[in-house]
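**Student:** Sequence first, predicted model second:
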Amino acid sequence: MLTDTLIEDDRWQAPELAVLAERAALATLTHLGLDAAAYEIAILACDDARIAALNTEFRDKPTPTNVLSWPSEDRAPDTPGARPAPPSGPDPELGDIAIAYDTCAREAEAAGKSLADHTTHLIVHGVLHLLGYDHIRDQDATLMETTEVEILGKLGIANPY
C-alpha cells in the first residue's frame, strides 16, 4: 500500500478515509508518472483540535485548517511555475499528511460537495505538497491547481475551483 492511515477521529470511518487516501495518492503519483509502489505516505485522520495543535506547532498559526503536509525533503523548484523534480534517492517515504474532519465536513457542506470528493481533493493537494508543489507564488499556484484539476478529472471529480 502507498498510504498508511492512522485514524484518530472515528468519524473518518464512514467516508472510508483509508480507501479515499489510497485512491487519491495513487492517482496523483500515476498522473505524474511515478511508480506508486516505490513510495510511502503516512496519513493522520484527526479532528480540528488536533490539527490546530499541529498548525500551531509547525506553522505558528493557532487555528484549525483542512489539511497539513510535511514532505520528507524540500522538493520545491527555485523557478516560479516550474514543475518540481521527481523524488530521487533510496528513501521511499514522501512525507506525512494530516487531515481534519470538522473543517473538511464544514467546507464540503458549504460548497455543496460530497465529503468524499472534497476529502479526495485535499489528499491530492497534500500529496502534491509532498512532491514539491505549492501555491504561495502565483505561478506555482496556477501549476498546482491545474494539476489538481487534471487528477480529479481522471477520478470523476469536478473542478473544485
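**Tutor:** Structure's in. What do you need?

**Student:** so who does the residue nearest to the spatial centre of the chain touch?
**Tutor:** For the chain, the residue nearest the mean C-alpha position is residue 126 (1.8 Å; C-alpha atoms, centre = their mean). Contact analysis of residue 126 by C-beta atoms under 8 Å, 6 or more residues apart in numbering lists 67-69, 97, 99. To be clear about C-beta, it is placed using only N, CA and C from the backbone, and glycine gets the same treatment.

**Student:** same thing with residue 115?
**Tutor:** Residue 115 touches 15, 104-105, 108, counting by C-beta under 8 Å, 6+ apart.

**Student:** among the residues you listed, who's most crowded?
**Tutor:** Neighbours here mean other C-beta atoms under 10 Å. Within those, the largest count is held by residue 104, at 24 neighbours.

**Student:** looking at it, that one is touching residue 66, isn't it?
**Tutor:** Yes. Using C-beta atoms under 8 Å, residue 104 is in contact with residue 66, at 5.4 Å.

**Student:** Find the residues that touch each one of these two.
**Tutor:** residue 122.

**Student:** And the helices in the chain?
**Tutor:** Secondary structure of the chain (DSSP state H): helices at 17-31, 48-59, 101-111, 115-130, 138-154.

**Student:** Please point out which parts of the third one sit buried.
**Tutor:** Of the residues in helix 101-111, those with enough neighbours to count as buried (16 or more other C-beta atoms under 10 Å) are 101-105, 107-108.

**Student:** Using a markdown table, lay out the contacts of residue 126 together with neighbour count and pLDDT.
**Tutor:** Formatted as a markdown table, the contacts of residue 126 follow (neighbours: other C-beta atoms under 10 Å; pLDDT from 0 to 100):
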| residue | neighbour count | pLDDT |
| --- | --- | --- |
| 67 | 20 | 98 |
| 68 | 20 | 98 |
| 69 | 22 | 98 |
| 97 | 27 | 98 |
| 99 | 27 | 98 |
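
**Student:** wait, which of those residues is closest to residue 145?
**Tutor:** Nearest to residue 145 among the contacts of residue 126: residue 67, at 14.8 Å, using C-beta to C-beta.

**Student:** sorry, back to before: deepest in the core, which of the helices of the chain is it.
**Tutor:** Across the helices of the chain, averaging neighbours per residue (mean count of other C-beta atoms under 10 Å) puts helix 115-130 on top, at a mean of 24.

**Student:** Give the burial count for residue 137, as a bare number.
**Tutor:** Residue 137 has 13 neighbours, counted by other C-beta under 10 Å.
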